[in-house]
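Asks: Attaching a predicted model along with its sequence, questions to come.
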Amino acid sequence: MKRDPRDSPPPSVEVQVEFGAESRGSPLRSANEDHYVILRLSRHQETLMTSLPDQSLSERFDEYGYGMVVADGVGGTGVGEAASRLAIATLVDLAIYFGRWNVRIDDDIAREVMGRAERFFRAVDSTLLIQSANLPGAGLRTTLTAAFSAGRDLILAHVGHSRAYLLRSGRLTRLTRDHTLADEPAAGAGPLVDIAASVRDRHHILTETIGSTDLSGPMIDIERYRLKNGDLILLCTNGLTDTVGEDRIVDVLQSDRPCAEQCTALVNLAVEAGGDDDVTALVARYRIPAKEGESVSEEGESVSEEGESVL
């Protein structure tokens, strides 16, 4: 009986992802308080020795998952840089030592990954609170937005006012909501910065951060989405979205330039618009082969027409 499991490889084998990233500090600060990381997680099997006939086993089998994280530290005077750096480093360490490295996602595994993401975010929050006890004055606080993709699945975890977007078929969809006073006027949550100093701009008054002193911890938004061929995912800090309109962002992401050049173009737009904040942009472009009987491009569908995730 002929057996060839390679006839139907899992999506995490066939999906190809191109990445780009650019981060630039504010001319008004001594340190860039934004930090980011892009990771590739892999699982592989390699046949070292066997008595089986040729072609019975693959010599090597690889499949991948990908992580993108961006953090925007709060507080200035170097405290924000320390907060975003510690948050990302802690999150990556948690993924290395306690993650299950799931690269084949079904509904049950998706729930596990989402639950693990929440636990990791809360552990990062606790780490920043513990470290803050050793600092005079303001504590360590940061936004934190993370995306994990494996095959056709994308899972987002988010706190703060950094953002994640999807570009599909020329349409830009925001996948995250800002945790600010402007976006949550009825939430009843207390602002985490001085209102008197920031009353002119409610979009910058954060209601949720990693490193929050709220006894219940921050509200963590976690969602699952289904990717399609040609999708672009953008993760960015508010240094971009405060100064560059979504129509300009679409123009850049729709171009056929490499993702790295797109990120540079987005950051340049923010600087040219007179932005005085740190600005960071990460872009991922997904190439997903069509399944049998499926068209390569499914035009006109957004990932979440009514704001609903896959689950």
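Replies: On my side now, so go ahead.

Asks: For Ser42, give me its contacts.
Replies: For Ser42, the contact set (Cβ atoms under 8 Å, 6 or more residues apart in numbering) comprises 62-65, 103. Every C-beta, even on glycine, is put in place using the N, C-alpha and C of the backbone.

Asks: If we use 7 Å, what do you get?
Replies: Shown in contact with Ser42 (Cβ atoms under 7 Å, 6 or more residues apart in numbering): 62, 64.

Asks: Let me see the confidence value for it.
Replies: pLDDT recorded at Ser42 is 90.

Asks: Does it belong to a helix, a strand or coil?
Replies: Secondary structure state of Ser42, per DSSP: H, G, I helix; E, B strand; the rest coil, is strand.

Asks: Also Leu57?
Replies: Quick answer, by three-state DSSP: Leu57 is coil.

Asks: and the gap between it and Asp125?
Replies: Using Cβ to Cβ, to the nearest Å, Leu57 is found at 45 Å from Asp125.

Asks: out of these two, which sits in the busier spot?
Replies: A direct count of neighbours by other Cβ atoms under 10 Å for Leu57 and Asp125 places Asp125 higher, at 24 against 13.

Asks: Now for the residue nearest to the more buried one when sequence neighbours are not counted: which residues touch it?
Replies: Distance criterion Cβ to Cβ, 6 or more residues apart in numbering; nearest residue to Asp125, sequence neighbours excluded, is Ile210 at 5.0 Å. By Cβ under 7 Å, 6+ apart, the residues touching Ile210 are 87, 121, 124-125, 128, 141-142, 144, 159, 218.

Asks: ok, now Glu246?
Replies: Residues near Glu246 by Cβ under 7 Å, 6+ apart: Leu172.

Asks: what does the model give it for pLDDT?
Replies: 96.

Asks: For it, give its distance to Arg177.
Replies: Relative to Arg177, Glu246 is positioned 15 Å away (Cβ to Cβ).

Asks: what's the answer for Val244, then?
Replies: 19 Å.

Asks: can you give me the strands for the stretch 1-150 of the chain?
Replies: Applying DSSP state E, counting those that start in this stretch to the stretch 1-150 of the chain gives strands spanning 16-24, 34-46, 60-74, 141-142, 144-150.

Asks: burial measure for Gln45, as a count.
Replies: Using other Cβ under 10 Å, Gln45 has 11 other residues around it.

Asks: I meant Asp108, not that one.
Replies: Residues lying near Asp108 (other Cβ under 10 Å) number 8.
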